[in-house]
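K.L.:
need coordinates for the following:
(2 chains)
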Amino acid sequence: MKLQRKNRLRATALGALAVSGALVLTACGSDDNTSGDTGGTGGETSAASNIKCDGAKGQLLASGSSAQKNAMDLWIKNYMAACPGVEINYKSSSSGEGIIAFNQGTVGFAGSDSALKPEEVAESKKICKTGQGINLPMVGGPIAVGFHLEGVDSLTLDASTLAKIFDNKIKKWNDPAIAKLNDGAKLPDKAIQAFHRSEDSGTTQNLGKYLAAAAPEDWKYEAEKKWPAPGGQAASGSSGVAAQVKQVDGAIGYFELSYASSQSISTVDIATGGATPVKATSENASKAIGAAKIKGTGKDLALDLDYTTKAEGAYPLVLVTYEVACDSGNKSDTLATVKSFLTYTASDEGQKVLADAGYAPIPAEINAKVRETVAGLS
Amino acid sequence: MASITPIDTPPASPAPPKPAKSTGRAGDKIFLGLSQGSGILLLLLMASIAVFLSYRAALAVSKDEGNFFTTFDWNPAGDPPVFGIAVLLFGTVVSSIIAMVIAVPIAVGIALFISHYAPRRLAAPLAYVVDLLAAVPSIIYGIWGALFLVPYLEGLNLWLDQFLGWTYIFEKTEVGVARSLFTVGILLAIMILPIVTSVSREVFLQVPKMNEEAALALGATRWEVIRLSVLPFGRSGVISASMLGLGRALGETMAVATVLSPSFLISMHVLNPGGGTFAQNIAAKFDEANQLGRDALIASGLVLFVLTLLVNGAARLIIARRKEYSGANA
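P.N.:
Down below sits the predicted model:
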């Protein structure tokens, strides 16, 4: 008995040792972070890039859309390499989450898949004491429609057939409507398995906006973050949808282009009514975004995308994600960093990063306005 | 480091000799306090969970423009916000029932084999392997289910549809891979197998030898011994084991979320992809939800909480009723 008890006590002591050891380790970890903050003085410009740190320093928190996460990761990496005194932390959650955090004043800027709603703008006036929250279009991207059909490598669809497929009105791959758009393709007599996102998503909302605008006859649902149509199958996240499309013969689904290219999933070319069907590429998406009009007033640059564009080589199924910041009244301790970071992301150098990551750069005309607005942030 | 030395030294010299008799009274008091404190802490924890869930749930339900119990939709971010738990309740109950129907007979079979049929050399390792199933994290079951079970169940689904389609339940009316409530049920069955098996096995091992020998003396075969003495004695134990398993099946999250293709429709065609469970819905929606969305998910969590309480309560009632019988034998 006594021996046993001793052993048990020894085990407790070991456990305590392990716990306190872990505490010591974590303490070290947080020490590191703070020393990183104070170590650099900011304002340094690295020789390799044109990033201007302009008095940026300390920590900048940001949060929001996961659709621009990959772009943010690259930007932050480049920026922090150039400005060693700055630490930027983008928490990729969701647009809604980002806007809530922004309106509570806990983040310097937010990333969002859709422009602020009027009530969100009203709420932002509490945080931006002298101004309000504005939308800065920063990241564009094509939404690729991926498919997996044995023996078929390329496929052309138009908005109407896409709408009918995702609404379960077209059920077979050899449906006449599909055959008409794909002369000479050997379409099998196989059931179509359409996959959508199981959780609320800005990608779903943008697909809905496109279908409602380009095929109003066949898509009667309101564009919401939640998948509106009955039937079909669901998977979690863009990665989940892409995985199902990759795995299931006869499947079709939508996700950001990078998921298609990284898993070599074939994507649908969209017949817009122009001369030739348009492929999903970042270049083609940029062209379509170029057809957008700015609907925001004042410094707000919210875009009104033209989903029905027939311009040659313009891929109409696109999404634009914004950075949300105050036009004036940004918090004084993060203003310099926000300004300097967004100046970088809107610069040629920053926008060039996008194309390499499967996103689409914002067209020059709109981008010029973004730069102007960022320069005027106060 | 400083905090470790005091723990390290006392057991070495002063502690062992003393507690023998002299400090018995103080020790008693301290231990009483500690155990009482733990008990009270548990009650406080439960109460605070219940209060938290109810408060957030009430916030959400008051803003729900649909009927919280009958709406077949989940759109708290919509305008107006509409959400209801009907589909989730249905999916949770149906997938758990499928799991129980599959798992309980198999678990009882394994338990009987281990306790009464298997040679000793086989019984111990087998019991160990079954217990090992419980140590696999549920996300692993989920990935295994999505990557292995789903593609390979296609054949079984076709077979069920063809030969048992007339039952309505097994009629497959929609195309799609087998990411259905039925597949979820099978996966849950595998996941609850270890707990049901090990509890049943322990109960079967406790059947008084006298009962079994009495049955043997009357000329009963081995099966008759099991039927006459083991099963009646173990019934309440098997029921409580099943309820433990049911509790796990009701609340299982990651495995279901990975395998199921969720939708907000109620269909008795269990082979069709679609449906949803409480825990799966919370896991899938929480990240992207806004404030009201989170409150709504918490409200659905409260319903699951109540459902689990009811199941456990029912199990206790059943066991209490059977207590005299098994108690007398024990």
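
K.L.:
use CA for all of it now, contacts and neighbours both
P.N.:
OK.

K.L.:
which element is A:G105 on?
P.N.:
Taking DSSP states H and E as the definition, one finds A:G105 inside no helix or strand.

K.L.:
can you tell me how far the nearest residue to it once chain neighbours are set aside is from chain B?
P.N.:
Spatial nearest neighbour of A:G105, chain neighbours left out: A:I127 (5.9 Å); criterion: CA to CA, 6 or more residues apart in numbering or on different chains. According to CA to the nearest CA, to the nearest Å, A:I127 stands 19 Å off from chain B.

K.L.:
so what's A:I127 up against?
P.N.:
Contact analysis of A:I127 by CA atoms under 8 Å, 6 or more residues apart in numbering or on different chains lists A:103-105, A:329.

K.L.:
quick one: which of these has the most company?
P.N.:
Highest neighbour count within these, by other CA atoms under 10 Å in any protein chain shown: A:N103, with 23 neighbours.

K.L.:
so what's that one up against?
P.N.:
Neighbouring residues of A:N103 by CA under 8 Å, 6+ apart: A:120, A:123-124, A:126-127.

K.L.:
just for the chain, where's the confidence low?
P.N.:
Picking chain A for this. By pLDDT under 70, the weakly predicted segments of chain A are A:1-49.

K.L.:
was after chain B, sorry
P.N.:
Counting by pLDDT under 70, chain B shows low-confidence ranges at B:1-24, B:322-330.

K.L.:
ok, the closest residue to chain B within the stretch 1-150 of chain A to A:I294 distance?
P.N.:
For the stretch 1-150 of chain A and chain B, the shortest gap (CA to the nearest CA) falls at A:S94, measuring 5.4 Å. Going from A:S94 to A:I294 by CA to CA, to the nearest Å gives 24 Å.

K.L.:
what of B:A123?
P.N.:
74 Å.

K.L.:
which of the two has more neighbours?
P.N.:
B:A123 (18 against 15).

K.L.:
isn't the more buried one up against B:H116?
P.N.:
No. With contact defined as CA atoms under 8 Å, B:A123 does not reach B:H116; the gap is 9.1 Å.

K.L.:
what do these two both touch?
P.N.:
Counting by CA under 8 Å, 6+ apart, B:A123 and B:H116 have no common neighbour.

K.L.:
residues in contact with B:F68?
P.N.:
So B:F68 contacts B:61, B:83-86 (CA under 8 Å, 6+ apart).

K.L.:
burial check on the single nearest residue of chain A relative to chain B, number of neighbours?
P.N.:
Here the residue of chain A nearest chain B is A:A234; by CA to the nearest CA that distance is 4.7 Å. A:A234 sits with 24 neighbouring residues when counted by other CA under 10 Å.

K.L.:
same check, this time on B:F31
P.N.:
Residues lying near B:F31 (other CA under 10 Å) number 12.

K.L.:
same check, this time on the one 3 residues further on
P.N.:
Applying other CA under 10 Å, we find 12 residues neighbouring B:L34.

K.L.:
still on that earlier bit, looking at the contacts of A:I127, which two lie furthest apart in space?
P.N.:
With CA to CA as the measure, no two of these lie farther apart than A:Q104 and A:G329, at 14.1 Å.

K.L.:
hang on, the earlier thing: phi and psi next, for the residue of the stretch 1-150 of chain A closest to chain B.
P.N.:
Dihedral angles of A:S94 (phi, psi; degrees, to the nearest 10) stand at phi -150, psi 160.
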